[in-house]
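A.B. asks: Pasting a predicted model and its sequence here:
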Amino acid sequence: MSAKRSLRSADPASGPSTAGTGEGTARARPFPGRWTGPVVGLLVVGAALGAAQLAAAAVRSSPPVVAVGDAVVELSPTWLVETAITLFGTADKAVLLAGIVAVLAVSGGALGAVALRRPSVGFAGLAAFAAAGLAATWLRGADDPGAALSVVCAALAGAAALAVLLRSAGGTGGAAPPAGADGRDASGRGPGGTGDADAAPGTAPGPVTDADTRTPGADEGRGARRPAGDDGSGGPSAPAGGDGSAPTGAGRRFVLTAAGVLAASGAAGTLGLRLPALLGGPPGLPAPALPAAAVPLPALPSGTDLGIPGLTPFSTPADEFYRIDTALAVPRLDASRWVLRVHGRVERPFEIDMEELLGLPLVEADITLSCVSNPVGGDLVGNTRWLGYPLADLLRRAGVRAGADQILSTSHDGWTCGTPTETVMDGRDALLAVGMGGRPLTHEHGFPARMVVPGLFGYVSATKWVTDIELTRFADRQAYWSDRGWAERGPVKTMSRVDVPGDFTRTAAGDVVLAGVAWSQHTGIDAVEVRVDDGEWWPAELARTPGADTWVQWVAETRVGPGMHAVEVRATDSSGYTQSSDEVETIPDGAEGRHRIRFTAE
């Protein structure tokens, strides 16, 4: 070939030269790519979470995500907690945990992108997350000491995964691959960044990339056309990707390594979820069934439940009973090891275990519980038949001293509740409950024992997983929510709700059934009135109730024409108080106002 022809083939004006590349030859994809770093970060987060779940299950502790979530709840201002409950209701805990995982994923992806170039930053980020996890477990207190172990295991697993993934992605976190003894790097390029066109005769050709350059006239004839699939090395070219590029060896190694890390993380997390069951799970009550009440209550009177479709049933099943508490992970206590301590400003402090408690004469009581965070028309309220021992009898056994106006109860997870002593001692059915709805308490609702006091919102009366009762004074000690701005005593407020028709539903024009529930625990409901489209009030019919400590169903009928209509309800309790239209927020002592719904008749 003449020098003139050789120069012409290298002239940019004549188009890209194919000399030394061969038509049909696939280009090698550059590695690592733009998504390699974020993928590394996500895989590291997955490995850490999987190891944490397994370690936490092995020591029967809470995983770090739960510890961090508890710390978030502990440190959050009252308005933020209340907003979360209002927006998400009983799903607030799931939303919080999902948010924490999402933050970890985003942070991990960002750290992975940086770590690919500066590995030290990635390991420093892991250390920072571990420190935050350890701080969160410390904030939880001594109720979950094993949580620190799961944090350490998560950090170690994350560090190991990061090291392995960075190595497979290039060995130095994205720097140029190290050169071999012959001066070539891992991709087969020579010191000048060129490929096999510069290789010494007899050496095996490496992958040809866009970085290859040719000196005019060098290896004349090598630029001749070759059949597709022939890279000029005497064998088939590397398989091309969708963009015509070929995966590099480093890319294949990374994919295999990433798949291994992902599989290991998933296996660890799955085993962690199943391990409690494999280990036998938390023991239940020491007896296969609860003892019968010393004086069982009669069956609910006929007409207690009206049976109207869409109307909330009088008795709430345990799996539908509302749950509002600060525990992100449900405590699972061993009933055979449970002990309740009664102490403080008493004459005779004592402890009682489950065996002794179940041997006492237990009583039954129909009681409606409601949450102070329940908005007007909300569903954070439920009713059931409880089984337990009278709290007043426990306090008499201890001998309450004069001036002890507060019962400060503490949950297994450290949550505290302040209950007025006089309320428990005034003759109402305040219980240390062990059963609900004819069955033992579920773990979600306080197993093995909880407090139930009719007439008070749950935050000052219904401690679940209770392990400590201290007689003290409101002036000396503040409970969890009182310390955050809520009222100290929290008596329930008279409330009513429309269940039928549902809000913004459609129904047939003509005769329409209106129905709902009303409650004013330990006071009772005397009357419920309804009105349509701001017309005159007329009385609804009340169902029967077993006593003043439960809600009551109500029903009324009306006739409406086609179009949208509004239904409003108000209740009058046994003290003579009638609900006002004035609206009051839930903070600091519960919502007030009348429930109003709209429906369309067709």
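C.D. replies: On my side now, so go ahead. Only a predicted model underlies this, so the values are computations on that prediction, with no experimental measurement involved. Residues are numbered from 1 along each chain as shown.
A.B. asks: is it fair to say Asn404 lies in a strand?
C.D. replies: Let me fix one detail, which is that residue 404 is Ala and not Asn. No. Applying DSSP: H, G, I helix; E, B strand; the rest coil, one finds Ala404 to be coil, outside a strand.
A.B. asks: thought it was touching Ile469?
C.D. replies: No. Look at Ala404 against Ile469 with C-beta atoms under 8 Å: they stay out of range, at 11.2 Å. Where C-beta positions appear, they are placed from N, C-alpha and C, glycine not excepted.
A.B. asks: Overlap in contacts, these two.
C.D. replies: Taking C-beta atoms under 8 Å, 6 or more residues apart in numbering as the contact rule, the neighbours common to Ala404 and Ile469 are Gly344.
A.B. asks: Neighbour count for these two, which is higher?
C.D. replies: Ile469 (26 against 19; other C-beta atoms under 10 Å).
A.B. asks: end-to-end on stretch 309-323?
C.D. replies: 24 Å (C-alpha to C-alpha, to the nearest Å).
A.B. asks: For it, list every residue counted as buried.
C.D. replies: Residues Leu311, Thr312, Phe314, Ser315, Thr316, Ala318, Phe321, Tyr322, Arg323 are the ones in stretch 309-323 that count as buried (16 or more other C-beta atoms under 10 Å).
A.B. asks: and if you look at stretch 460-479?
C.D. replies: Those buried within stretch 460-479 under the rule 16+ other C-beta under 10 Å are 460-472, 474, 478-479.
A.B. asks: quick one: contacts for the nearest residue to Asp92 once chain neighbours are set aside?
C.D. replies: Of all residues not flanking Asp92 in the chain, Ala84 sits nearest, at 4.6 Å (C-beta to C-beta, 6 or more residues apart in numbering). Counting by C-beta under 8 Å, 6+ apart, Ala84 touches Asp92, Val95, Leu96.
A.B. asks: downstream neighbour of the helix or strand where Ala84 lies in the secondary structure list?
C.D. replies: Using DSSP states H and E, Ala84 sits within helix 78-88. Counting by DSSP H and E, the next helix or strand C-terminal to helix 78-88 is helix 92-115.
A.B. asks: Could you pull up the mean pLDDT of the helix or strand that that next one is followed by?
C.D. replies: Proceeding N to C from helix 92-115, the next assigned helix or strand is helix 119-140, under DSSP H and E. The average pLDDT for helix 119-140 rounds to 86.
A.B. asks: got the angle between helix 119-140 and helix 92-115?
C.D. replies: Helix 119-140 runs at 160 degrees relative to helix 92-115, counting by axes from the mean of the first three to the mean of the last three C-alpha atoms, to 10 degrees.
A.B. asks: List just the nearest of the contacts of Ala84 to Leu75.
C.D. replies: Nearest to Leu75 among the contacts of Ala84, counting by C-beta to C-beta, is Leu96 at 12.5 Å.
A.B. asks: and that closest one, how far is that from Phe314?
C.D. replies: 33 Å (C-beta to C-beta, to the nearest Å).
A.B. asks: Then Asp499?
C.D. replies: From Asp499 to Phe314 the distance is 12 Å (C-beta to C-beta).
A.B. asks: Could you do Arg570 as well?
C.D. replies: If you go by C-beta to C-beta, the gap between Arg570 and Phe314 works out to 21 Å.
A.B. asks: Based on its surroundings, how many neighbours for the residue lying closest to Ala157 once chain neighbours are set aside?
C.D. replies: Closest residue to Ala157 apart from its sequence neighbours, by C-beta to C-beta, 6+ apart: Ala51 at 3.4 Å. As a burial measure, Ala51 scores 26 neighbours (other C-beta under 10 Å).
A.B. asks: now do Pro562
C.D. replies: Applying other C-beta under 10 Å, we find 11 residues neighbouring Pro562.
A.B. asks: these two touch, right, it and Gly510?
C.D. replies: No. Pro562 is beyond contact range of Gly510, at 9.5 Å (criterion: C-beta under 8 Å).
A.B. asks: Identify the contacts common to the two.
C.D. replies: Listed as contacting both Pro562 and Gly510 by C-beta under 8 Å, 6+ apart are Ala601.
A.B. asks: Quick check: buried residues in the longest helix belonging to the chain?
C.D. replies: Longest helix of the chain, by residue count under DSSP state H: helix 249-278. Within helix 249-278, the residues that qualify as buried are 250-251, 253-254, 257-258, 261-262, 264-265, 268-269, 272, 275, counting by 16+ other C-beta under 10 Å.
A.B. asks: And for stretch 53-71?
C.D. replies: Buried residues in stretch 53-71 (16+ other C-beta under 10 Å): 53-58, 61-71.
A.B. asks: Can you give me the end-to-end span of stretch 354-368?
C.D. replies: Distance between the two ends of stretch 354-368: 25 Å, counting by C-alpha to C-alpha.
A.B. asks: and Ala135, how many neighbours does it have?
C.D. replies: Around Ala135 there are 13 residues (other C-beta under 10 Å).
A.B. asks: so Ile469 sits in a strand?
C.D. replies: Yes. Checked against three-state DSSP, Ile469 lies within a strand.
A.B. asks: Which one (most neighbours) among the contacts of Ala84?
C.D. replies: Neighbour-wise, the contacts of Ala84 (other C-beta under 10 Å) top out at Leu96, 21 neighbours.
A.B. asks: For the nearest residue to it once chain neighbours are set aside, give me its contacts.
C.D. replies: In space, and not counting its chain neighbours, Leu96 is closest to Gly69: 5.3 Å by C-beta to C-beta, 6+ apart. Contacts here follow C-beta under 8 Å, 6+ apart; on that basis Gly69 touches Lys93, Leu96, Leu97, Ile100, Leu328.
A.B. asks: Secondary structure element holding the last one?
C.D. replies: Under the criterion of DSSP H and E, Leu328 resides outside all helices and strands.
A.B. asks: hang on, isn't it packed against Val73?
C.D. replies: Yes. The criterion here is C-beta under 8 Å, and Leu328 meets it with Val73 at 7.2 Å.
A.B. asks: Could you check how many residues crowd around Gly403?
C.D. replies: By other C-beta under 10 Å, the residues close to Gly403 number 12.
A.B. asks: Read off the pLDDT value for it.
C.D. replies: 96.
A.B. asks: List the residues that contact the closest residue in space to it that isn't next to it in sequence.
C.D. replies: In space, and not counting its chain neighbours, Gly403 is closest to Arg473: 6.2 Å by C-beta to C-beta, 6+ apart. Counting by C-beta under 8 Å, 6+ apart, Arg473 makes contact with Arg345, Gly403, Ala404, Asp405, Gln406.
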